[in-house]
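Engineer: Sequence and computational prediction follow.
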Amino acid sequence: MIPKIRHKLLILEPTKFTPLLAIFFMITHFKDFMNHPAIPALVALIAAIGLLFENARGFARYWAVLTSLYAAWVVLNWQLIDNHMYLWGYWLLAITLSHFSKNKAKALVVSAQYLIASCMVYAIIQKMNPTFLSGDFFYFQLLTDSRFTFIGKLIQFNMVDLIVENKLLIQEVMTNAKTVRLNPGPHMLHIISQCLTWYVIAIEAALALVFLLPRRVAYAWQHWLMLLFLSTYFILPIKGFAFALLSLSFTLIKPTDAGLKLLYLCFMLYIFSFSVMVVNVFF
């Protein structure tokens, strides 16, 4: 059984598989964004065609239509969508343009590498401001974002009630336009926010550096640092961004690297199928 699995992984061509991952994302994740529903419906229909018919994925016109519809949706919703939705748009454009290249595989590899590098460079530049560097950004998230309730079990504090209370205070500000003071919680949250701040800056800077280096020089570092960065999503499942980086990084795996392919595929499966359950059960 194991030799068969290894054989399947060896014949799995990353640059041919990642366009399929993009289609999978269009079907499973894009449905959650239903502003201007006619466009998501068309995107889902065209994505389904690409999922069912392999030949369709080989045509530049197929990707041009899918990318154009996605771009139209981004333009209509640019004030509401998360940053990773823009990253997906650039990746769809890269897949489209690769069909006009003499070497599609190389075009995808180059695009994936420098999209990751650009994403990390932009993230670092965006964070170079007093609000983020002070730790205030993560501190506010800890006080108000329910995704961080798992920290309560780690520090023996009821984060659920704290976050609910602060959300009610924020709602009071929005409805009555009055000044309120959020419940600051224990001092440990200040320390955690500082640690999170500098950990994120350090690892994003490292990722920017290694992905700007030639692939042949930094291949192992690129993947292991990316997996370290994405390990955060074991307990903080943000599917869209994690899946975007996993897809781009999968494109950069050497065809003979069966172990790394398996690791990425298991990570994708976890993100989409088990992450929320694991967080709810253990945290």
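Structural biologist: Nice, thanks for sending it over.
Engineer: so where's this protein uncertain?
Structural biologist: 1, 30-36, 177, 234-237, 274-283 (pLDDT under 70).
Engineer: how does it look with 80?
Structural biologist: 1-3, 5, 7, 28-40, 78-82, 147, 150, 173-180, 232-240, 271-283 (pLDDT under 80).
Engineer: The residue nearest the centre of it: what secondary structure?
Structural biologist: Taking Cα atoms, centre = their mean as the criterion, residue 241 is the residue nearest the geometric centre of the chain, at 1.3 Å. Counting by DSSP: H, G, I helix; E, B strand; the rest coil, the backbone at residue 241 sits in helix.
Engineer: Excluding chain neighbours, give the residue nearest to it in space.
Structural biologist: residue 84 (3.9 Å; Cβ to Cβ, 6 or more residues apart in numbering). (Each C-beta comes from the backbone N, C-alpha and C, glycine too.)
Engineer: And the one you found, its phi and psi?
Structural biologist: In terms of degrees, to the nearest 10, the main-chain angles of residue 84 are phi -70, psi -20.
Engineer: Look at residue 183 and tell me its secondary structure.
Structural biologist: Classified using three-state DSSP, residue 183 is coil.
Engineer: thinking again about what came up before, the residue nearest to residue 241 contacts residue 246, correct?
Structural biologist: No. With contact defined as Cβ atoms under 8 Å, residue 84 does not reach residue 246; the gap is 11.5 Å.
Engineer: Who has more neighbours out of the two?
Structural biologist: residue 246 (21 against 18; other Cβ atoms under 10 Å).
Engineer: Now stretch 198-215: buried residues?
Structural biologist: For stretch 198-215, the neighbour count (16 or more other Cβ atoms under 10 Å) marks 200-201, 203-204, 207-208, 210-211 as buried.
Engineer: what's around residue 220, how many residues?
Structural biologist: Neighbour count for residue 220, taken as other Cβ under 10 Å: 11.
Engineer: and if you look at residue 39?
Structural biologist: Residue 39, neighbours per other Cβ under 10 Å, totals 20.
Engineer: Look up how far residue 134 lies from the residue lying closest to it once chain neighbours are set aside.
Structural biologist: Distances taken as Cβ to Cβ, 6+ apart put residue 73 closest to residue 39, at 4.4 Å, once the chain neighbours are dropped. Separation of residue 73 from residue 134 (Cβ to Cβ, to the nearest Å): 36 Å.
Engineer: neighbour-wise, which of the two wins?
Structural biologist: Neighbours per residue (other Cβ under 10 Å) separate residue 73 from residue 134, with residue 73 holding more: 22 against 13.
Engineer: tell me which element the more buried one falls in.
Structural biologist: helix 60-76 (DSSP states H and E).
Engineer: residues in contact with that helix?
Structural biologist: 19, 26, 30, 33, 35-36, 39-40, 42-43, 46-47, 49-50, 56-57, 81, 85-86, 88-89, 92-93, 95-96, 99-100 (Cβ atoms under 8 Å, 6 or more residues apart in numbering).
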